[in-house]
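Trainee: Fold the following.
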Amino acid sequence: MKHPAVVNYAEEPHSVELRELEKPEIGPDEVLLAVAAVGVCGSDLHQWTSQHSWPVNYPVVLGHEFGGVIAEVGKNVSSWSEGDRVVSETAAVVDPDNPMTRRGLYNLDTTRKGFGYGVNGAMTPYVRVPARCLHAVPEGLALEKAALTEPCCVAYNATIKNTRIEPGDRVLVLGPGTIGILCAAMARQAGAEVAIAGLPQDAGRLEIARTYGCETIIGDALPWALERDGLGADVVIDAAGVSPTLKVAIDAVRPAGWITKVGWGPKPLDFNIDPLVQKNVTLQGSFSHYWPIWERVLALLASGQLDVDPIIGGQWSLGEWETAFSKMHHGEVVKSVLIPSA
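Mentor: Take a look at the predicted model:
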């Protein structure tokens, strides 16, 4: 029996369409997951508009932020059962012998392939998932919220694991998309004073950031960074990724401060980065996540310490995927969620 799927079929812009695909067949170490909800990520939009900077295995079903109920288990799978509510990590294919995988940092395995670009993702009613990728969804946490564990993990890794934040720090976040807002929320969890900056067209999303206890800035963020003592922000998180925001980060960070870049940008830099040397600044990249981060984020979501309700702009069926994509692309909502069963 065939099922609908949102497929990115070629590199040219807007090469995404709804297609009918056969239900996946699972291997011995996999489960078949009935997808309850799948978030639309900025990277899905970048593949849709062909503004991505990573290789894509065309044609591929989009979607890597997802949760659901196990419909079938492979013969070697003993730790999961049909009916279990789960979410899945994104590292669909990793090399167990890769040195980074052996360190537990399989997110940095250079041969890694993720859902939605390397293998078929979850914008479809059923997806095959390696059992090692699964995490149990705590009782009481709705699957529509649990499906957003993945972007929360990206923000946790960028803000908590890969950034030196101490209570009382001034943290400036550049870019009020999903990841930027969640990074700001995580920095607040760490006890920082946080401001998030965007452009005039980001006013609606900046208002959502306010619900996480953040100050908001439209336009020039430098005055806020210099406000305390004239030296700059302790930490700047670049969640926009484009060259101009990295320059803002370098200008706004204080000497011996910290910049974490989590946003992607395919264009080369067109400015001098010598101020990084002069200021003795740490520039840190952050990519993806790994097992313990997922367990911590699920605990935060289940306890209510982290609430994703404010960023969810609506739910749409697979047939309405283009509306869901467009609303995010044009900044009308922070996060669109697709419901495959709708």
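Trainee: Just give me the neighbour total for V38.
Mentor: Neighbour count of V38, defined by other C-beta atoms under 10 Å: 32. To be clear about C-beta, it is placed using only N, CA and C from the backbone, and glycine gets the same treatment.
Trainee: Could you do G285 as well?
Mentor: G285, neighbours per other C-beta under 10 Å, totals 11.
Trainee: residues touching it, list them.
Mentor: For G285, the contacting residues are N162, T260, K261, V262, by C-beta atoms under 8 Å, 6 or more residues apart in numbering.
Trainee: Mind picking the two most distant members of those?
Mentor: The span of those, defined through C-beta to C-beta, is set by N162 and K261 at 9.8 Å.
Trainee: When these two are compared, which one has more neighbours?
Mentor: In this view N162 and K261 are compared by other C-beta under 10 Å, and K261 has more residues nearby, 23 against 17.
Trainee: Quick one: name whatever helix or strand follows the helix or strand containing P4.
Mentor: Secondary structure assignment for P4, by DSSP states H and E: strand 2-8. Using DSSP H and E, the next helix or strand after strand 2-8 towards the C-terminus is strand 16-22.
Trainee: Got the domain ranges for this protein?
Mentor: Here the domain parsing of the chain from automatic domain parsing is 2-148+308-338, 154-285.
Trainee: Would you format the ones you listed as JSON lines with distance to P292 and mean pLDDT included?
Mentor: Shown next, in JSON lines, are the domains of the chain (distance: least, C-beta to C-beta, whole Å; pLDDT from 0 to 100):
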{"stretch": "domain 2-148+308-338", "distance to P292": "8", "mean pLDDT": "97"}
{"stretch": "domain 154-285", "distance to P292": "9", "mean pLDDT": "96"}
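Trainee: The ones you listed into JSON lines, with extra columns for distance to V297?
Mentor: Output for those, formatted as JSON lines (distance: least, C-beta to C-beta, whole Å):
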{"stretch": "domain 2-148+308-338", "distance to V297": "9"}
{"stretch": "domain 154-285", "distance to V297": "5"}
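Trainee: I'd say D309 and K145 touch.
Mentor: Yes: taking contacts as C-beta atoms under 8 Å, D309 lies within contact range of K145: 7.3 Å.
Trainee: and those two? which has more neighbours close in?
Mentor: Using other C-beta under 10 Å as the criterion, D309 and K145 rank with K145 on top: 20 against 10.
Trainee: residues contacting the spatially closest residue to that one that is not a sequence neighbour?
Mentor: Among residues not flanking K145 along the chain, V308 sits closest, at 5.3 Å (C-beta to C-beta, 6 or more residues apart in numbering). Neighbour list for V308: K145, L148, C152, L301, K335 [criterion: C-beta under 8 Å, 6+ apart].
Trainee: Can you give me the distance of V308 to N157?
Mentor: 17 Å (C-beta to C-beta, to the nearest Å).
Trainee: what do you get for L231?
Mentor: From L231 to N157 the distance is 27 Å (C-beta to C-beta).
Trainee: Between these two, tell me which one has more neighbours.
Mentor: Just comparing L231 and N157: by other C-beta under 10 Å the higher neighbour count belongs to N157, 23 against 15.
Trainee: Name the nearest residue to the more buried one, sequence neighbours excluded.
Mentor: Using C-beta to C-beta, 6+ apart, the nearest residue to N157 is H289, at 4.6 Å.
Trainee: Kindly tell me how buried that neighbour is, as a neighbour count.
Mentor: H289 has 24 neighbours, counted by other C-beta under 10 Å.
Trainee: just checking, it touches E89?
Mentor: Yes: taking contacts as C-beta under 8 Å, H289 lies within contact range of E89: 7.3 Å.
Trainee: so what sits against both of the two?
Mentor: In contact with both H289 and E89: E150, using C-beta under 8 Å, 6+ apart.
Trainee: List the residues that contact M328.
Mentor: V40, G42, L45, G313, V334, K335, S336.
Trainee: In helices, which of those fall?
Mentor: Among the contacts of M328, DSSP state H puts G42, L45 in helices.
Trainee: and of the contacts of M328, the nearest to P138?
Mentor: K335 (20.6 Å).
Trainee: how many other residues sit next to the closest residue to that closest one other than its chain neighbours?
Mentor: What sits nearest to K335 in space, not counting adjacent residues and going by C-beta to C-beta, 6+ apart, is I311, at 4.6 Å. Neighbour count for I311, taken as other C-beta under 10 Å: 24.
Trainee: Distance of I311 relative to F115?
Mentor: Counting by C-beta to C-beta, the gap from I311 to F115 is 21 Å.
Trainee: Likewise for P151?
Mentor: Distance, P151 to F115, using C-beta to C-beta: 14 Å.
Trainee: Over to W294?
Mentor: For W294, the distance to F115 (C-beta to C-beta) stands at 14 Å.
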